[in-house]
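# Let's see this in three dimensions:
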Amino acid sequence: MKRDDMEARVLMGQIDAGIKVMEDILTHLDDFIGSKVHGRKRDRIAAIVVADALSRYYTAAETVFVRIARFFENSLGESRWHADLLQRMSIAIPGVRPAAISRATMTSLSELLRFRHFSRYYVELEYDWERLSFLLMKLDAVRSALPSELKAFRAQLGATAKHAKGANGER
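Purely as a prediction, here's the structure:
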């Protein structure tokens with residue numbers, strides 16, 4: 001197996017692992033919201049749990065995006081790299097790779113990115129439930145789209161690796 005094919009397979013495994021982490025976060029968040037927040041006062045503890053899940057979900061997605069960027073482009077700028085990375089994932093790079101996510105998914109994820117930045121650097125324990133509800137709505141917009149888009153990207157990566165392998169006459 002050629003090095004490029006092995007690296008492509010590693011990236012496919014990393015994408016799968018990232019999707020699994022995102023699904024696990026959603027499962028835990030859904031369980032928490034169903035048992036604690038629904039029908040109960042939205043208190044500080046509930047807000048902290050929801051805020052943490054939103055941040056962790058975006059971090060899991062961003063980890064996949066970093067791995068994709070490093071595999072294909074091998075560079076991330078130092079300034080505003082988080083926002084640039086997210087935007088880059090919604091852009092097809094001709095002759096290199098297709099877009100990993102749609103513009104709509106990128107737009108929803110950008111709200112989660114902004115929130116994660118806020119929650120990391122401006123430590124607050126008093127969260128605004130109106131804002132958290134908005135972010136949960138954005139999360140709902142990507143909860144099925146993002147895994148589907150990443151799986152489609154992964155499938156294209158796998159097809160490209162198989163095609164390259166076949167073109168080289170390898171088995």
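
# pLDDT score for the residue nearest the centre of the chain?
Centre of the chain computed as the mean C-alpha position; nearest residue by CA atoms, centre = their mean is residue 61, 1.8 Å away. Residue 61 is assigned 98 on the pLDDT scale.

# helix or strand for it, which one?
helix 44-72 (DSSP states H and E).

# in that helix, what's buried?
Neighbour-count burial for helix 44-72 flags 46-47, 49-51, 53-62, 64-69, 71 (criterion: 16 or more other CB atoms under 10 Å). For glycine as for every other residue, the C-beta is placed from the backbone atoms N, C-alpha and C.

# got it, and stretch 86-103?
86, 88-90, 97, 99-102.

# Now do that stretch: everything it contacts.
By CB atoms under 8 Å, 6 or more residues apart in numbering, the residues outside stretch 86-103 that reach it are 62, 65, 68-69, 72-73, 105-106, 109-110, 113, 145-146, 149-150, 153, 156-157.

# Kindly write the ChimeraX command that selects the buried subset of those residues.
In ChimeraX, a selection of the buried entries from the contacts of stretch 86-103 looks like this (16+ other CB under 10 Å):
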select :62,65,68,69,105,106,109,110,113,145,146,149,150,153,157
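
# rewinding a little: return the distance of the residue nearest to the centre of the chain relative to residue 45.
25 Å (CB to CB, to the nearest Å).

# now swap in residue 99 and tell me
Relative to residue 45, and taking CB to CB, residue 99 is found at 39 Å.

# quick one: pLDDT of residue 117?
So residue 117 comes in at 88 (pLDDT).

# what about the protein, any weak spots by pLDDT?
For the chain, the stretches flagged by pLDDT under 70 are 1-3, 36-41, 74, 122-125, 161-171.

# now the helices for it?
3-32, 44-72, 81-89, 103-121, 129-142, 145-167 (DSSP state H).

# contacting residues for the closest residue to residue 55 other than its chain neighbours?
Distances taken as CB to CB, 6 or more residues apart in numbering place residue 116 nearest to residue 55, at 4.4 Å, with adjacent residues excluded. Contacts for residue 116 (CB under 8 Å, 6+ apart) come out as 54-55, 58-59.

# From the residues you listed, pick the one nearest residue 133.
residue 54 (11.2 Å; CB to CB).

# Surely that closest one and residue 135 touch.
Yes. Using CB atoms under 8 Å, residue 54 is in contact with residue 135, at 5.4 Å.

# Now the common contact residues for these two.
In contact with both residue 54 and residue 135: 112, 115, using CB under 8 Å, 6+ apart.

# Quick check: the gap between the nearest residue to residue 21 once chain neighbours are set aside and residue 87.
In this structure, residue 21 finds its nearest non-sequential neighbour in residue 60, 4.4 Å apart by CB to CB, 6+ apart. Note on residue 60: its distance to residue 87, by CB to CB, is 18 Å.
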